[in-house]
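Asks: coordinates for the following, if possible.
(chains A and B)
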Number of protein chains: 2
Amino acid sequence: MSGPGDVLELIRQGRASTRGQVLEVTGLSRMTVAQRIDALLTAGLVVEGPAAASTGGRRPRRLRFNVGHALVLAATVDTTHTQVALTDLAGRTVAEHHLDVAVADGPSSTLDAIGACARRLVEQGDLGDRSLCGIGISVPGPVDPGTGRPSQPPIMPGWDGYPVRDAVSRDLGCPVVLDNDVNVLAVGEQHAGVARNARDFLYVKIGTGIGCGIVVGGRVYRGVAGTAGDIGHIKLDDYGPACACGEVGCLEAYFGGAALARDALTLARSGRSNMLAATLEERGRLTASDVGGAAAAGDFAAANLVREGGRRLGHVIASLVSFLNPGMVVIGGGVSRLGHPLLAEVRSSVYRRSLPLATGNLPIVLSELGDLAGVTGAAWSATDHTFN
Amino acid sequence: MSGPGDVLELIRQGRASTRGQVLEVTGLSRMTVAQRIDALLTAGLVVEGPAAASTGGRRPRRLRFNVGHALVLAATVDTTHTQVALTDLAGRTVAEHHLDVAVADGPSSTLDAIGACARRLVEQGDLGDRSLCGIGISVPGPVDPGTGRPSQPPIMPGWDGYPVRDAVSRDLGCPVVLDNDVNVLAVGEQHAGVARNARDFLYVKIGTGIGCGIVVGGRVYRGVAGTAGDIGHIKLDDYGPACACGEVGCLEAYFGGAALARDALTLARSGRSNMLAATLEERGRLTASDVGGAAAAGDFAAANLVREGGRRLGHVIASLVSFLNPGMVVIGGGVSRLGHPLLAEVRSSVYRRSLPLATGNLPIVLSELGDLAGVTGAAWSATDHTFN
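Replies: Reported below is the predicted structural model:
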């Protein structure tokens, strides 16, 4: 019913700090507790501190989670770039690097670049005798948690079924956990961001793709095939715009980063937005963040794009809130930089369309960690995976 | 981390049938296991059978869940009637009765009728020395699990905040658990119906109302305010038909039992369905099941109603499947008697609109227990609640 990871979790969370407390909280046998704590001490994950106050008899030694004992490598592979970081066991970044490889480069080049970067970071870093004890990697597509391979990802050519986990583990000699980017972002916010006290929440990422991390009872829920949270391809209209997945009318085809860039181009070329036309002429291309910039500067057409997209996203989130009754909704990802006008639109949709009882105490907030959520979450996932 | 209920669950599921196996599976201390099994033996929930084969040393005694030791009362309060059943500890009906009270009669009359019926069933039954050990009640609206009271139910006038759990518990002298009807239906299918081997599934009830029971990792997920699964009020159209909840365009306003009856009346009166017009003339009213009958007998307009409703329901289920990636979808409730034409429409929507990876191994099936699912589920909930 429980393993050494559960005992570590108790100590890490401060719910137990002596052997006696672990015994009491878990109801495990004295021998089992002794074995599990010995394993954690041997691994260096837990250290014994000074003796605690006695409750009669021998004074118990305090147990403390040793965040600095080892290092974790976190890598987030995205559609535009790859971020690699060394962190301590609490997910705090010790050193980091941005790589110019992305999913389109294929698994082999991308993972080679991550491996080389990891070795460089370890060599350059002043790590003392700390070694790499685990690796967490995220990719923007579904992952089979059993095999650690991407599973039919729609926007990752060449990655389907590639043994990412085993390849990196062989290369760097560490246990590796591979997960979907939104799950990892949710884990990051849960441990170090705005969702710190939430056990049940949704993390909605709006970037190139749109996806949702689902945290239920404190754990990421992945569904039976690892595809849970795939809200980007919820179909809003049978006759809507074409989507990268091959279908039409998906939420992502309306409000993903690529869709916003496409609509911005139309506004610029059709003369409906002078501001976007000027940016297009200056830089030769338009991105989702140009829409945000123009909207913030008062461009009506751009602001309308944000409002319409936010309304569509809000309709989908309203359905999910009615369905799952979460305790919090966190909005993150590149497009979330559209900021408060987007948030206002989403909030208005959700608060108007969902059952009052489900929205009564429901905060809908922007991600707190922003770009840091990915590596923080990947690092936490790696620690959890390594010691469970 | 675990209680006597977990040990009971292991024995009930056949995962452990000796003290040694309980020790092994749980990792609990010998003393804890001994205490918990003693408690279960004293309560009569577990009996010791003949000695099992020895693995060296004293031959261990087999432990067996004693389904016949006590009785459970299950009551499902619906919008049209109330069903009351006495069952054994495995949810199998020993005696049952249908009452002519329903939610519209208000909590006091309904609960009095349930209490009187329970006493009658116990007195009339040949129960030997078996006593009532727990009561499970379901209502068609959200319930606050903490207080055992209905919580802002939209179609239950007078029930909001009524102390159902405490009132019945005082009346009948037993622990009572109150839950939403769809959760209880899901529990029924999970223990004795079509979802027996599923740990992650959705139970979609289409009756007067439309709701969804969400089972995640083997347990019903209720959300932070107990409203999870409220899919009947997902809004499909800002300008759709009026709903009983006060909003417009809800799924329920298109395809709940009342909506189907309303549309059937329109078809009959406008001359578009001779078959429904004849039924209306004969009986003076039309129900959702008349639509099913007419559709099955070849009435085009009625069949079209089933198709359209199934398509709308299918769109919502397709979104939920993309979102949660469940292992099975079970369709039940009165309107589900429209049967295979409805199922075909839902399947077609879901298989066409959801991600292939999420639908690859996804059975979408009709409820196996039908009317029995409610009392079976309420009885299982009561047993779980009583011994946890």
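
Asks: ok, now which ones touch the closest residue to residue A:40 other than its chain neighbours?
Replies: Computed as CB to CB, 6 or more residues apart in numbering or on different chains, the closest residue to residue A:40 that is not its neighbour in sequence is residue A:46, at 4.1 Å. Placement of C-beta: from N, CA and C, glycine included. By CB atoms under 8 Å, 6 or more residues apart in numbering or on different chains, the contact set of residue A:46 is A:8, A:11, A:37, A:40, A:63, A:64, A:65, A:66.

Asks: switch to 6 Å and redo it
Replies: A:11, A:40, A:63 (CB atoms under 6 Å, 6 or more residues apart in numbering or on different chains).

Asks: what's the helix or strand for the last one?
Replies: Residue A:63 is part of strand A:61-65, with elements assigned from DSSP states H and E.

Asks: paired strands for that strand, with orientation please.
Replies: Using DSSP bridges, the strands paired with strand A:61-65 are strand A:46-51 (antiparallel).

Asks: any buried residues in the partner strand, and which?
Replies: In terms of neighbour count (16 or more other CB atoms under 10 Å in any protein chain shown), strand A:46-51 has its buried residues at residue A:46.

Asks: how about the residues of the stretch 201-350 of chain A by chain B?
Replies: For the stretch 201-350 of chain A, the residues in contact with chain B (CB under 6 Å from any CB of the partner chain) are A:216, A:223-225, A:227-228, A:230-231, A:233-235, A:319, A:322-325, A:327.

Asks: can you do 7 Å?
Replies: A:212, A:216, A:221, A:223-225, A:227-231, A:233-235, A:319-320, A:322-327 (CB under 7 Å from any CB of the partner chain).

Asks: find the nearest non-adjacent residue to residue A:110, please.
Replies: Here the residue nearest residue A:110, using CB to CB, 6+ apart, is residue A:101, at 4.8 Å.

Asks: what does residue A:229 give?
Replies: Of all residues not flanking residue A:229 in the chain, residue A:212 sits nearest, at 4.0 Å (CB to CB, 6+ apart).

Asks: look up phi and psi at residue A:199.
Replies: Main-chain torsions, residue A:199, degrees, to the nearest 10: phi -100, psi -20.

Asks: do the same with residue A:96
Replies: phi -150, psi 170.

Asks: so what pairs up with it in the strands?
Replies: With DSSP bridges as the rule, residue A:96 is bridged to residue A:85.

Asks: report the contact partners of it.
Replies: A:83, A:84, A:85, A:375 (CB atoms under 7 Å, 6 or more residues apart in numbering or on different chains).

Asks: in three-state terms, how would the spatially closest residue to the first one that is not a sequence neighbour be classified?
Replies: The reference is to residue A:83. Distances taken as CB to CB, 6+ apart put residue A:76 closest to residue A:83, at 4.8 Å, once the chain neighbours are dropped. Three-state call for residue A:76 (DSSP: H, G, I helix; E, B strand; the rest coil): strand.

Asks: let me see the confidence value for the residue lying closest to residue A:15 once chain neighbours are set aside.
Replies: Nearest non-adjacent residue to residue A:15, counting by CB to CB, 6+ apart: residue A:25, 6.3 Å away. The model reports residue A:25 with a pLDDT of 85.

Asks: and the helix or strand encompassing residue A:25, what does it pack against?
Replies: Residue A:25 belongs to helix A:19-26 when assigned by DSSP H and E. Here helix A:19-26 touches helix A:4-12, helix A:30-43, going by 3 or more CB pairs under 7 Å, 6 or more residues apart in numbering or on different chains; DSSP states H and E.

Asks: for the closest residue to residue A:65 other than its chain neighbours, give its distance to chain B.
Replies: The spatial neighbour of residue A:65 that comes closest, neighbours along the chain excluded (CB to CB, 6+ apart), is residue A:12 at 4.4 Å. Residue A:12 is 15 Å from chain B, where distance means CB to the nearest CB, to the nearest Å.

Asks: how many residues are close by residue A:12?
Replies: Residues within reach of residue A:12, counting by other CB atoms under 10 Å in any protein chain shown, total 21.

Asks: distance of it from residue B:192?
Replies: As judged by CB to CB, to the nearest Å, residue A:12 and residue B:192 stand 41 Å apart.

Asks: ok, now residue A:124?
Replies: Taken as CB to CB, the span from residue A:124 to residue B:192 is 62 Å.

Asks: what does residue A:195 give?
Replies: The gap separating residue A:195 from residue B:192 is 38 Å, by CB to CB.

Asks: more neighbours, the two?
Replies: residue A:195 (29 against 20).

Asks: list the contacts for that one?
Replies: A:189, A:201, A:328, A:330.

Asks: could you dump these into JSON lines and include pLDDT?
Replies: Listed next are the contacts of residue A:195 as JSON lines, based on pLDDT from 0 to 100:
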{"residue": "A:189", "pLDDT": "95"}
{"residue": "A:201", "pLDDT": "97"}
{"residue": "A:328", "pLDDT": "97"}
{"residue": "A:330", "pLDDT": "96"}
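
Asks: what helices or strands is the helix or strand where residue A:136 lies leaning on?
Replies: Residue A:136 belongs to strand A:132-139 when assigned by DSSP H and E. Packed against strand A:132-139 by the contact rule (3+ CB pairs under 7 Å, 6+ apart) you find strand A:71-77, helix A:164-172, strand A:176-180, helix A:181-192, helix A:372-386.
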